[in-house]
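Asks: Show me the folded form of this:
(chains A and B)
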Amino acid sequence: MDTNTLIFLAMLLPTLAMFGNMGFHNKPDLRDGFTFICAVLTFTSVVAILSNVGNATTEEISLFEVFPGLDIAFNVEPLGLLFALVASGLWIVTHVYGLGYMRSNNESHHARFFACFSGAIASAIGIAFAANMFTLFLFYEILTISTYPLVAHKGTPEAIRGARIYLGVLIGSSIALQLTAVIWTYTLAGTLDFTQGGILEGKVSGVLVPILLGLYAFGIGKAALMPFHKWLPAAMVAPTPVSALLHAVAVVKAGVFTMLKVGIYIFGIDFLAETGASEWLMWLAAYSIIAASVIAMQQDNLKKRLAYSTVSQLSYITLGMALATQMGVLGGGMHIAMHAVGKITLFMCAGAIYVATHKTEISQMQGLGRVMPITFAAFLIGALSIIGLPPLGGSWSKWLLMVGAADAGHQIMIGVLMLSSLLNVAYLLPIVGRGFFLKDATNNAVVGIREAPLLVWLPPALTAVGCVIMFFYAGHIQAFLMPITGVVR
Amino acid sequence: MSSEAQHVALSLQDHLPVLQVLIPFLAGPLIVLLGSRTLAWPVAFIASFAAFVCSGLLLSQVMNGGFISYHIGGWAPPLGIEYRVDAANALVLLLISGISTVVLPFAKPSVADEIPQRHHTLFYATFMLCLTGLLGVVITGDAFNVFVFLEISSLSTYVLVAKGASKDRRALSAAYDYLIMGTIGATFFVIGLGLLYMATGTLNMADMADRIAALGTNRTVQAGFAFIIIGMGLKAAMFPLHHWLPNAYNYAPSAVTAFLAATATKAAIYVMLRFMFSVFQPDFVLDMGATWIIGLLAVIAMFVASFIAVFQNNFKRMLAYSSIAQIGYMLLGISMFNLNGLTATMVHLFNHGITKAALFMAVGALVLRTGTTFYDRIAGMGRVMPFTGAAVVVGGLSLIGVPGTAGFISKWVLVQAAFDNGWWWMALAIMASSLLAVIYVWRIVEALYLHAPNPEAEHQEAPLMMLGPIWIMAGACVWFGFDTELTLGTARTAAEALLAGSAGMAEIPTAAMH
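Replies: Numbers count the residues shown, from 1 in each chain, chains lettered A, B, ... in the order given. Purely as a prediction, here's the structure:
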């Protein structure tokens, strides 16, 4: 099929799933089956785009013009395609997981839940294929709004408070800072098209460059750069499938994806390197990496700990952009995929533990590894990938980031990344250790293996296997992403 | 001109400018004469729709520049009264007549619910007079005629606001406040006109503009300018002259609030623009330092009124304060004094009009089912009235200026104007004030969705007669967030003409009619 048709299909199918969920809200099996089919077809479309264009950049197709120089347009380029592949691929897994979780946990309002979920995927795909900053911003905002009901899902005062922080930070930062930056860029450059090498070179200079970059960096609240990270732990009140897909994949990755897009296609890596405008951002990202890891160590709530770990890991990608070297950007791009698969595994395991035992605090999880061996094994693999140990996917992106830091002449950033790995070990592995080696104080008798239902433990097991597989295919991903650095293959 | 007066074969189309005002003007007395409750609404609706068609046809003639000059009764200006239509006022005419046409169907069930039956006939008659006044203020090219129509619209507005008394007696004192403040405003305006007449000896705007330019620096003219701006500022609820607005909007019947909020202040802003740029010269305004004063007051309004809106517990009152803040954006556009700034004012005038119409009508639907507008009493109604609730969300997003809505377009152009002047801190201030809008909009969304529905309320979606108009306006909020040819295109044409000063008025008309 024609690539342009496929792009629209990839956005239309999740939208269709959204309306399907609303329409069939009284028929659970039909509704969930329909969504599953849509998810599979969406992924198929994205894969078909991949087989059509490979890692080429296609001409943009303009849907229509809002006013001169500002249109809603889409195209395919490697970074966006990678993001779309990750989001749509993991949607299938998470949908299955979500079914198991929601049903065995007796959560309410399934139709609304899955409708919003599908809407979020549709906007994530829109972000991935946006051909200019305006289109991206449009879908960025839709993504925020469509995920708000998911965070507030439980309707408890705590959930409402969390959702309020979520919305306040994301809408607030994007409207106040990011939109200002977008309009400023438009006034300076007269266009917002994502162009290889950037559109700002020669249009702005001096101290205004770092200010403009700052407006973007803080305005992209979804990238959870400190001090705009508070929404992420607050959003952990959402049911775990939401945390898994949205807060390990779609939402946060949309943030760092936007960050990379801005660095590569709006400013241009060379322009950033020449002006040194991103140097402060690099230091801030480094601070974010370390500080979030330290905070993560103090969290007893498993999901909160994972949330802070995400804050830290997202800053890896921001760091990659801020290094303004080819390897840094490549590493950042690859980390989108690697971290997504690793972190979704961890979140789904956290959800599986909750479904089986209703435990949320790490201190309660002693000896659970023996009761739920598959879940804990998957958790271990995911954790090792996040830490960045071979033979798991996460090791490669971290490697590239370190090379990028060396290229940029900031050897100290290598130290930051290594320190972060150590901190990762310190806050992730004790969870597994507790599970396998400590005895449950209240209940000495081991009750035998009692995993969560199949639909809940199988998806994290699959993504854990994915972490291993991606280690061996990292070279392909790197070659695939090569064009974003401006190097001709 | 006298030779043109001999033309006899004039088609109906040539009389559009006068028909625009005449149709609703005649419909008012007709409703009273018919004296029938059943006929009142249809007559009003047909008249309003005809006015809407007129303004649509007028706009299509001038939206690419040029203007129509119509001489009432064939008397040539400056002695006769001239109606003058260009892109700037055609857009406002379209807004006013369009809002009235959409609000009237909504008004039918809403008025039946909120106003005693014996007042219905008079209500629609007054509504027509109000429409006449607003259209007249906007279309006329004669300065004194502005005052006449202003009084027609104001007096009928006081009556309309007072009609809320059967529901809440405080509507009477709100109407009284509005009467006093409105009269002061109108008096200021007419004093200003008197001073100008004294200095120039004419009342035709174009003529006046020429003579003012010839006068040079003149104290009388300067005083006239100040009186006119303050008088209109009062009518437009320019901070700190806004005190009448929250009560008037709050206690007026829902349909009246929806109509007034979307039109009345906008007409005043338009008159302000017309006087500042076409009658006085842009240079004159700059010399007076008016842009700084207006800009400062605008910024204060954006923050203070939004801040007050955040703490309201009454949906209608919250929207009223939000209106004051949004008027701040329009005034800020004027004070930027560049093409994008004026475009932003014009386009926000339109976009904010449709946004507020959608929101105030949604309030009316909630009032129909719950009888009140307080957050704690309308809590959870979004769940039992899904379409009304969704319209509140769409309107609210447009109020914030989220992309994909009309409000976003205005904000975009306004921020662009700030960058054109090199005021990037102002751009940040505009966006920061939007954050307050996020808070006050989200408070109402949370109230509507995140609580159990009020058990005392009637758990039923609003009737189709209300939902239709609400969703036409909510749909328009989204539509004009994408298709900006009509709104932004016309606004830009209008802004270009305004910035040209009296030169924009003095050119040869594209069509002269009488």
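Asks: Can you read off the pLDDT for A:P373?
Replies: pLDDT, A:P373: 84.
Asks: can you pull the contacts of it?
Replies: A:P373 makes contact with A:449, A:451 under the criterion C-beta atoms under 8 Å, 6 or more residues apart in numbering or on different chains. All C-beta atoms are positioned from the backbone trio N, CA, C, and that covers glycine.
Asks: Show the pLDDT at the residue of the stretch 251-400 of chain A found nearest chain B.
Replies: Per C-beta to the nearest C-beta, A:T258 is where the stretch 251-400 of chain A lies closest to chain B, at 13.9 Å. On pLDDT, A:T258 comes in at 93.
Asks: wait, what's in contact with the closest residue to it other than its chain neighbours?
Replies: Using C-beta to C-beta, 6 or more residues apart in numbering or on different chains and skipping the chain neighbours, the partner closest in space to A:T258 is A:I220 (5.0 Å). A:I220 makes contacts with A:173-174, A:178, A:255, A:258-259, A:262, as judged by C-beta under 8 Å, 6+ apart.
Asks: how close does A:I220 sit to B:Y440?
Replies: Look at A:I220 and B:Y440: by C-beta to C-beta, to the nearest Å, they are 25 Å apart.
Asks: just B:F303 next, same as before
Replies: B:F303 is 13 Å from B:Y440, where distance means C-beta to C-beta.
Asks: swap in B:G328?
Replies: Counting by C-beta to C-beta - B:G328 and B:Y440 are separated by 14 Å.
Asks: Compare these two and say which is more crowded by neighbours.
Replies: B:G328 (28 against 23; other C-beta atoms under 10 Å in any protein chain shown).
Asks: Could you point out the longest strand of chain A?
Replies: Taking DSSP state E as the criterion, chain A has its longest strand at strand A:61-67.
Asks: near chain B, anything from that strand?
Replies: Yes. Strand A:61-67 is in contact with chain B by C-beta under 8 Å from any C-beta of the partner chain, via A:64, A:66-67.
Asks: The residue in the stretch 251-400 of chain B positioned nearest to chain A: neighbouring residues, count only.
Replies: For the stretch 251-400 of chain B, the residue closest to chain A is B:I400, as judged by C-beta to the nearest C-beta, at 6.8 Å. Burial measure for B:I400: 23 neighbouring residues, criterion other C-beta under 10 Å.
Asks: Spit out the contact partners of the residue of the stretch 251-400 of chain A closest to chain B.
Replies: Shown in contact with A:T258 (C-beta under 8 Å, 6+ apart): A:127, A:136, A:140, A:220, A:222-223.
Asks: In which helix or strand does it reside?
Replies: Assessed by DSSP states H and E, A:T258 sits inside helix A:251-261.
Asks: What's the first helix or strand after that helix?
Replies: Going down the chain from helix A:251-261, the next helix or strand is helix A:269-275, by DSSP H and E.
Asks: Check which helices and strands that next one sits against.
Replies: Taking 3 or more C-beta pairs under 8 Å, 6 or more residues apart in numbering or on different chains; DSSP states H and E as contact, the helices and strands that helix A:269-275 lies on are helix A:208-219.
Asks: other SSEs contacting the helix it packs on?
Replies: helix A:179-189, helix A:269-275, helix A:279-298.
Asks: neighbouring contacts of the shortest one?
Replies: Meaning helix A:269-275. Contact with helix A:269-275 is made by A:197-198, A:200-201, A:205, A:209-210, A:213, A:263, A:277-278, A:322, A:324-326, A:329, A:408, A:485-486, as judged by C-beta under 8 Å, 6+ apart.
Asks: Could you rerun that using 7 Å?
Replies: Residues outside helix A:269-275 that contact it (C-beta atoms under 7 Å, 6 or more residues apart in numbering or on different chains): A:197-198, A:200-201, A:209, A:263, A:278, A:324, A:326, A:329.
Asks: Quick check: the two most widely separated of the residues you listed?
Replies: The span of these, defined through C-beta to C-beta, is set by A:V209 and A:Q326 at 20.1 Å.
Asks: returning to that earlier point: pull the CA coordinates from the helix holding A:T258 and hand them back as PDB.
Replies: Once non-C-alpha atoms are left out, helix A:251-261 reads as follows in PDB (Å, rounded to 0.1, in the frame of the first residue of the first chain):
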ATOM      1  CA  VAL A 251       3.800  10.000  27.000                       C
ATOM      2  CA  VAL A 252       7.300  10.200  28.300                       C
ATOM      3  CA  LYS A 253       8.800   9.000  25.100                       C
ATOM      4  CA  ALA A 254       6.700  11.600  23.200                       C
ATOM      5  CA  GLY A 255       8.500  14.100  25.400                       C
ATOM      6  CA  VAL A 256      12.100  13.000  24.800                       C
ATOM      7  CA  PHE A 257      11.200  12.300  21.100                       C
ATOM      8  CA  THR A 258      10.100  16.000  20.800                       C
ATOM      9  CA  MET A 259      13.300  17.000  22.600                       C
ATOM     10  CA  LEU A 260      15.400  15.100  20.000                       C
ATOM     11  CA  LYS A 261      13.300  16.500  17.100                       C
END
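Asks: got the angle for it vs helix A:208-219?
Replies: Here the directions of helix A:251-261 and helix A:208-219 differ by 170 degrees (axes from the mean of the first three to the mean of the last three C-alpha atoms, to 10 degrees).
Asks: quick one: helix A:251-261 to chain centroid distance?
Replies: Its chain's average C-alpha position is 7 Å from that of helix A:251-261, according to C-alpha atoms, centre = their mean, to the nearest Å.
Asks: can you state the direction angle for that helix and helix A:279-298?
Replies: On the basis of the same axes, to 10 degrees, helix A:251-261 is oriented at 160 degrees to helix A:279-298.
Asks: buried sites along helix A:251-261?
Replies: Within helix A:251-261, the residues that count as buried by 16 or more other C-beta atoms under 10 Å in any protein chain shown are A:251-261.
Asks: do stretch B:414-424 as well
Replies: For stretch B:414-424, a neighbour-count test (16+ other C-beta under 10 Å) marks B:414-419, B:423-424 as buried.
Asks: Could you do stretch B:189-202 as well?
Replies: The neighbour-count check on stretch B:189-202 (16+ other C-beta under 10 Å) flags B:189-193, B:195-197, B:199-200, B:202 as buried.
Asks: can you tell me which residues contact the nearest residue to B:M181 once chain neighbours are set aside?
Replies: Closest residue to B:M181 apart from its sequence neighbours, by C-beta to C-beta, 6+ apart: B:W244 at 4.1 Å. B:W244 makes contacts with B:177-178, B:181-182, as judged by C-beta under 7 Å, 6+ apart.
Asks: Please flag which of the residues you listed sit within helices.
Replies: Using DSSP state H, the subset of the contacts of B:W244 located in helices is B:177-178, B:181-182.
Asks: picking that back up, pick out whichever of the contacts of helix A:269-275 sits closest to B:T101.
Replies: B:T101 lies nearest to A:L200 out of the contacts of helix A:269-275, by C-beta to C-beta, at 46.6 Å.
Asks: re the thing from before, pick the most buried one from the helices and strands packed on helix A:208-219.
Replies: Highest mean neighbour count of the helices and strands packed on helix A:208-219: helix A:179-189, a mean of 23 (counted as mean count of other C-beta atoms under 10 Å in any protein chain shown).
Asks: surely B:S100 meets B:T132?
Replies: No. If you go by C-beta atoms under 7 Å, B:S100 and B:T132 don't touch, sitting 10.3 Å apart.
Asks: more neighbours, the two?
Replies: Set side by side, B:S100 and B:T132 show more neighbours around B:S100, with 29 against 25, by other C-beta under 10 Å.
Asks: what's the helix or strand for that one?
Replies: Under the assignment here (DSSP H and E), B:S100 is part of helix B:87-114.
Asks: In which helix or strand does B:G66 reside?
Replies: With DSSP H and E as criterion, B:G66 is part of no helix or strand.
Asks: List phi and psi for it.
Replies: When read as degrees, to the nearest 10, the backbone of B:G66 gives phi 80, psi 170.
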